[in-house]
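> Give the three-dimensional model of this entry:
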Amino acid sequence: MAKQGRSESSGKGAGGMLPRTKRRLCALCLVALACVGLAFHTGTGTSSMLGISSVAAICPLGAVEAAIASRTIVPAGVIGLIIAVAVVLLVGRAFCSWGCPMVLLRALFGLKTPHERRERAAAKAQAGKAAGVSANGGAVAEEPARKGLARSRSVPDDAPDAERGGAGDSRMWVLGGAVLTTAAFGFPVFCLVCPVGLTFATIICLWRAIQFGEASLSLVVFPAILIIEAVVLRRWCHTLCPLGALMGLIARGNRTFRATLNEDACLQGSRGIACGKCAEACPEGIDLHAGAPTTRLSECVKCGECKHVCPVQAITFPFFPKSGERSVVAVAGESYASETEAAPVVQADAGKCTVAEVAGSNIESKGEAHE
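Next up, the predicted model:
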């Protein structure tokens, strides 16, 4: 007896909210936490140094720079650095997409990610196609099939996929420059332009201006630098941010909440259909398909876009892969696999993914998954 597969929908996810909206709300909560700390003197700090009482999780790059600049090791700073490193080892570079103020700045200025721009272009193309269908009296033009995995991804021009997070990554050179200039000048130079620190410095300056009337030039300089970094240097996060580079190095030891691809459910793995939606959506250019050239998985920012756009929900972010689950994760061309139960059979036609029921050799479509 044939078994019916489940129908999937792109929609807005199980919670009814887009991943990017969740990330913006999370980053906003961290900003709000800092504001509450200023208003009620709770001492919770900012994203550069979150903490309770004398225990704080310090920005790992800021802690290293402070130690180099002062040429001393403060026990409290070491403890805070250990906490920060432990967090990165647990969740990888999640801060880049869930906590960094650049997420809010990009939304504030209406800046679109490459994937968002592709979504808008696809929506316009779909609207144009619908208009053409209507004009042709219902005749549908055949859509060309995809050839190979889609490769239009947000990867820095100066860092090939395999070198992302390596010596060819410009962020690594900026990281080295930040450390060397700190040692040379005895001051954490990068902290002067760090968007995380500048965001909260602007909030603190604004707060003091309102509460104590202490207006200063910083209220102009700090926001101006932030605008340059967010609007003019649009590829800041991908080509210049040394904090992201450092977290990427630490995250090489991350083994939890890793993007996991169920090959039995994946269109590419189970049917040989070049879907490529996950690779298109990934802001770091990571391709989860086993054997494909890919960015290091340690560069994953846990944004969840790949999971959201997958037409058959073959991607998950488990704390640890479940026993009995066959999942393939590509890391710089290497794959790791285990066993799982069979997944629904899927088929794709002209870019359309459907979940189908298999009865002998006949495949009967049971519902559209998503385009």
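> State the mean pLDDT of stretch 215-230.
Confidence for stretch 215-230, expressed as mean pLDDT, is 92.
> Can you list the buried residues in that stretch?
By neighbour count with 16 or more other Cβ atoms under 10 Å, stretch 215-230 contains the buried residues 218-219, 222-223, 225-226, 229-230. Yep, even glycine has a C-beta here, placed from its N, CA and C like the rest.
> how near is residue 245 to residue 222?
Distance from residue 245 to residue 222, counting by Cβ to Cβ, to the nearest Å: 23 Å.
> How many residues are close by the nearest residue to residue 94 once chain neighbours are set aside?
Distances taken as Cβ to Cβ, 6 or more residues apart in numbering put residue 302 closest to residue 94, at 4.1 Å, once the chain neighbours are dropped. A count of nearby residues for residue 302, using other Cβ atoms under 10 Å, gives 22.
> Check residue 316 too.
The number of residues packed near residue 316 is 18, by other Cβ under 10 Å.
> Could I get the pLDDT score of it?
93.
> I'd say residue 104 and residue 28 touch.
Yes - using Cβ atoms under 8 Å, residue 104 is in contact with residue 28, at 6.3 Å.
> More neighbours: these two, which one.
Between residue 104 and residue 28, counting by other Cβ under 10 Å, residue 104 is the more crowded of the two (18 against 14).
> so what does the strand or helix carrying the more buried one touch, helix or strand wise?
If you go by DSSP states H and E, residue 104 is part of helix 102-108. Here helix 102-108 touches helix 19-40, helix 195-212, going by 3 or more Cβ pairs under 8 Å, 6 or more residues apart in numbering; DSSP states H and E.
> Mind putting those into JSON lines with mean pLDDT and distance to residue 130?
Formatted as JSON lines, these follow (pLDDT from 0 to 100; distance: least, Cβ to Cβ, whole Å):
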{"stretch": "helix 19-40", "mean pLDDT": "91", "distance to residue 130": "26"}
{"stretch": "helix 195-212", "mean pLDDT": "91", "distance to residue 130": "41"}
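> So for residue 128, which of these sits nearest?
Among those, helix 19-40 comes nearest to residue 128, with 25.1 Å by Cβ to Cβ.
> Give me the contacts around that closest one.
If you take Cβ atoms under 8 Å, 6 or more residues apart in numbering as the criterion, helix 19-40 is touched by 13, 15, 42-47, 50, 97-101, 103-104, 107, 113, 116, 199-200, 203-204, 207, 303-305, 307-308.
> Run the angle between it and helix 195-212 for me.
If you take axes from the mean of the first three to the mean of the last three Cα atoms, to 10 degrees, helix 19-40 sits at 40 degrees to helix 195-212.
> from the middle of its chain, how far away would helix 19-40 be?
On the basis of Cα atoms, centre = their mean, to the nearest Å, helix 19-40 sits 18 Å off its chain's mean C-alpha point.
> Which positions in that helix come out as buried?
Residues 19-20, 22-24, 27, 30-31, 34-35, 37-38 are the ones in helix 19-40 that count as buried (16+ other Cβ under 10 Å).
> From those, pick the one nearest residue 211.
Among the buried residues of helix 19-40, residue 38 lies closest to residue 211 (Cβ to Cβ), at 8.5 Å.
> Quick check: the gap between the closest one and residue 226.
Taking Cβ to Cβ, one finds residue 38 at 19 Å from residue 226.
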